[in-house]
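*Asks:* heads up, no residue letters with this:
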């Protein structure tokens with residue numbers, strides 16, 4: 001609907017002159033450049049960090065580090081950017097340290113450099129967490145066999161770890177690439193000028209400052225085409241690795257002790273890179289004038305609006321995810337699902353990730369144009385922002401809830417059928433107690449993503 005609204009409201013396509021095509025190509029080229037470099041750097045740094053964390057299962061604070069890797073995804077992008085400036089900016093920690101040692105002058109954080117640092121901060125931790133989860137699924141029998149064959153660390157990587165990493169890497173790469181293409185707050189703050197403008201920011205500028213719907217339509221269609229192609233390509237390149245369930249105790253990896261010194265360095269370096277902006281935000285916040293801030297009425301209005309939108313968006317996201325998963329659970333109850341049923345399940349799973357193909361700024365832009373023409377933009381903007389934020393968090397909510405919902409159904413469906421439990425009674429006695437923690441985690445993540453959103457609100 002938003003895309004159709006943008007196309008319908010545009011009086012005509014822009015004049016595709018050489019200068020105009022050059023302008024569009026420059027934006028597209030920088031969008032692909034920063035997304036490609038961000039994805040490459042994130043994955044290159046994430047693979048050794050994930051291997052180190054998967055290998056050192058007894059590393060001090062490992063469980064806390066794994067939780068910390070999931071934190072950047074839930075942090076507001078604008079707040080993280082301020083922390084990155086505190087660390088890497090001209091007056092930041094790194095610039096001060098380099099100047100004191102006489103190595104070089106202050107760092108220039110604005111432009112491509114700052115965008116890459118911010119995107120690696122967000123996406124390296126996400127990629128590492130996903131890779132760790134995949135590596136932890138390797139059966140212990142593989143490690144026992146590797147120990148018997150005296151595998152070195154390079155042999156372990158080549159014959160055991162790399163097949164698993166290769167199977168999930170295309171999907172992770174396409175996810176990170178689309179997140180970088182759809183990045184808004186990071187590029188808006190750290191771009192530093194017209195030379196560092198992406199399609200996402202250009203769409204916003206076309207409507208907010210120039211009010212040029214034809215240009216916004218062209219840029220939105222171009223971004224939609226790029227994201228759709230990447231989404232399909234990532235799905236086709238991903239492969240499943242057959243893993244046999246094991247009932248024996250976990251085996252110790254043969255390369256665990258020999259790799260501990262290097263793994264310690266990698267984990268500490270990765271942890272420092274992720275924790276430094278958060279620590280900078282905390283230290284700067286402790287010196288802020290709390291009294292002057294909390295005494296302003298605008299602060300309380302903004303806080304109330306943020307919490308209301310976050311609660312609404314998280315609730316909508318959970319309800320939508322539950323409906324999709326309940327439908328999938330009903331189909332999976334059949335002993336031999338038909339090919340049509342399997343296709344339907346795949347379609348429902350893909351529908352939850354559509355927001356990765358159609359970024360929030362495009363949806364918000366379409367509804368902004370429609371509501372602006374009707375004069376109802378101010379009245380209905382909060383509802384649109386809440387709905388867009390709910391869709392934005394839906395892929396992550398589904399990722400949290402699906403294993404719990406489907407697994408719970410496989411365990412309890414027959415028991416509930418024999419006891420005649422269904423509907424609200426089953427939900428109260430069986431589903432809710434089992435799924436409460438997963439729902440709480442999904443709700444918290446959706447609310448955090450909504451609070452940190454800037455694209456739809458802008």
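*Replies:* Sure thing, it's come through. The model shown is predicted, which means the values in this text are computed figures rather than measured ones.

*Asks:* what about the stretch 151-300 of the chain, any weak spots by pLDDT?
*Replies:* 192, 234-252, 254-256, 258 (pLDDT under 70).

*Asks:* all helices for it, in order.
*Replies:* 153-156, 162-181, 185-190, 199-208, 213-237, 260-286, 290-294, 297-332 (DSSP state H, counting those that start in this stretch).

*Asks:* In the fourth one, which residues are buried?
*Replies:* Within helix 199-208, the residues that count as buried by 16 or more other CB atoms under 10 Å are 199, 200, 201, 202, 203, 204, 205, 206, 207. For every residue, glycine as well, the C-beta is placed using N, CA and C.

*Asks:* between those, which is nearest residue 96?
*Replies:* residue 201 (30.0 Å; CB to CB).

*Asks:* Residue 186 is in contact with that closest one, correct?
*Replies:* No: if you go by CB atoms under 8 Å, residue 201 and residue 186 don't touch, sitting 9.7 Å apart.

*Asks:* where exactly do the helices run in the stretch 1-150 of the chain?
*Replies:* According to DSSP H, counting those that start in this stretch, the helices that the stretch 1-150 of the chain contains are 2-9, 18-55, 62-74, 77-88, 93-101, 112-135, 140-148.

*Asks:* the inter-axis angle of the third one versus helix 162-181?
*Replies:* Between the axis of helix 62-74 and that of helix 162-181 there is an angle of 30 degrees, by axes from the mean of the first three to the mean of the last three CA atoms, to 10 degrees.

*Asks:* And for the second one?
*Replies:* Between the axis of helix 18-55 and that of helix 162-181 there is an angle of 140 degrees, by the same axes, to 10 degrees.

*Asks:* any idea of the mean pLDDT in stretch 120-132?
*Replies:* Stretch 120-132 shows a mean pLDDT of 89.

*Asks:* List the buried residues of it.
*Replies:* Buried, per 16+ other CB under 10 Å, within stretch 120-132: 120-132.

*Asks:* Kindly indicate which of these lies nearest residue 58.
*Replies:* For the buried residues of stretch 120-132, the nearest to residue 58 is residue 132 (14.8 Å; CB to CB).

*Asks:* who's in contact with that closest one?
*Replies:* 50, 53, 54, 66, 69 (CB atoms under 8 Å, 6 or more residues apart in numbering).

*Asks:* Would you check which pair of the residues you listed lies furthest apart?
*Replies:* Maximum distance among the contacts of residue 132 (CB to CB): 12.2 Å, for 54 and 69.

*Asks:* just checking, residue 43 touches residue 126?
*Replies:* No: using CB under 8 Å, residue 43 is not in contact with residue 126, being 10.6 Å away.

*Asks:* Nearest residue to the spatially most central residue of the chain in space, ignoring adjacent ones along the chain?
*Replies:* Nearest residue to the geometric centre of the chain (CA atoms, centre = their mean): residue 73, 5.7 Å. Once flanking residues are discounted, residue 73 sits nearest to residue 126: 5.7 Å by CB to CB, 6 or more residues apart in numbering.

*Asks:* From residue 391, how far off is that neighbour?
*Replies:* To residue 391, residue 126 is 19 Å away according to CB to CB, to the nearest Å.

*Asks:* Then residue 188?
*Replies:* Residue 188 is 21 Å from residue 391, by CB to CB.

*Asks:* picking that back up, any chance of TSV for the buried residues of stretch 120-132, columns distance to residue 313?
*Replies:* Below are the buried residues of stretch 120-132 laid out as TSV (distance: CB to CB, whole Å):
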residue	distance to residue 313
120	27
121	24
122	20
123	23
124	26
125	23
126	20
127	25
128	27
129	23
130	24
131	29
132	28
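
*Asks:* any idea which of the residues you listed is closest to residue 211?
*Replies:* Using CB to CB, those come closest to residue 211 at residue 122, 30.9 Å.

*Asks:* ok now do that closest one, which residues does it touch?
*Replies:* 72, 73, 77, 80, 179, 186.

*Asks:* Return the members of those residues classed as buried.
*Replies:* Taking 16+ other CB under 10 Å as the criterion, what is buried in the contacts of residue 122 is 72, 73, 77, 80, 179, 186.

*Asks:* Quick check: closest non-adjacent residue to the third one.
*Replies:* What sits nearest to residue 77 in space, not counting adjacent residues and going by CB to CB, 6+ apart, is residue 185, at 3.9 Å.

*Asks:* And for the fifth one?
*Replies:* The shortest distance from residue 179 to any non-neighbouring residue, by CB to CB, 6+ apart, is to residue 123 (6.3 Å).

*Asks:* Much appreciated, bye for now.
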